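Engineer: here is a sequence with its predicted model. Questions after.
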Amino acid sequence: GTLAPGEGVSFTDTDGNVFEYAVAETQILQPAAVDEMSSGGWDLTLFTCTPGGRTRVTVRCEAAP
């Protein structure tokens, strides 16, 4: 929930390949908002729960150039 648009995110896969992304936007979604969770065609989407688990923080990212 603390990532802001423009911040960098690094993702390392199981083979050790590192991929760089930039945060495009963050959203707070309801747990049952499945269509919104899977929409948009983003290069990377991260999810976590807010404290208490009532909503989901969604971080949408685009591949860094």
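Structural biologist: The structure has been received and is ready for your questions.

Engineer: need the contact list for A4.
Structural biologist: 23, 26 (CB atoms under 8 Å, 6 or more residues apart in numbering). For every residue, glycine as well, the C-beta is placed using N, CA and C.

Engineer: give me the element it is part of.
Structural biologist: A4 belongs to no helix or strand when assigned by DSSP states H and E.

Engineer: in the protein, which strand is the longest?
Structural biologist: Longest strand in the chain by number of residues (criterion: DSSP state E): strand 18-29.

Engineer: and that one, how far out from the chain's middle?
Structural biologist: 4 Å (CA atoms, centre = their mean, to the nearest Å).

Engineer: summarise which helices and strands that strand is packed against.
Structural biologist: Applying 3 or more CB pairs under 8 Å, 6 or more residues apart in numbering; DSSP states H and E, one finds that strand 18-29 makes contact with strand 8-12, helix 34-38, strand 56-63.

Engineer: that strand pairs with which strands?
Structural biologist: If you go by DSSP bridges, strand 18-29 pairs up with strand 8-12 (antiparallel), strand 56-63 (antiparallel).

Engineer: going on from the helix or strand bottoming out on mean pLDDT in the chain, what's the next piece of helix or strand?
Structural biologist: Lowest on mean pLDDT, DSSP states H and E among the helices and strands of the chain sits helix 34-38, with a mean of 80. Remark: after helix 34-38, the chain's next helix or strand is strand 44-49, criterion DSSP H and E.

Engineer: what is that following strand packed up against?
Structural biologist: strand 8-12, strand 56-63.

Engineer: burial check on L3, number of neighbours?
Structural biologist: 15 (other CB atoms under 10 Å).

Engineer: please apply the same query to T55.
Structural biologist: 15.

Engineer: nearest spatial neighbour of it, chain-adjacent residues omitted?
Structural biologist: I28 (5.1 Å; CB to CB, 6 or more residues apart in numbering).

Engineer: wait, what's in contact with that neighbour?
Structural biologist: With CB under 8 Å, 6+ apart, I28 has these contacts: 50, 55-58.
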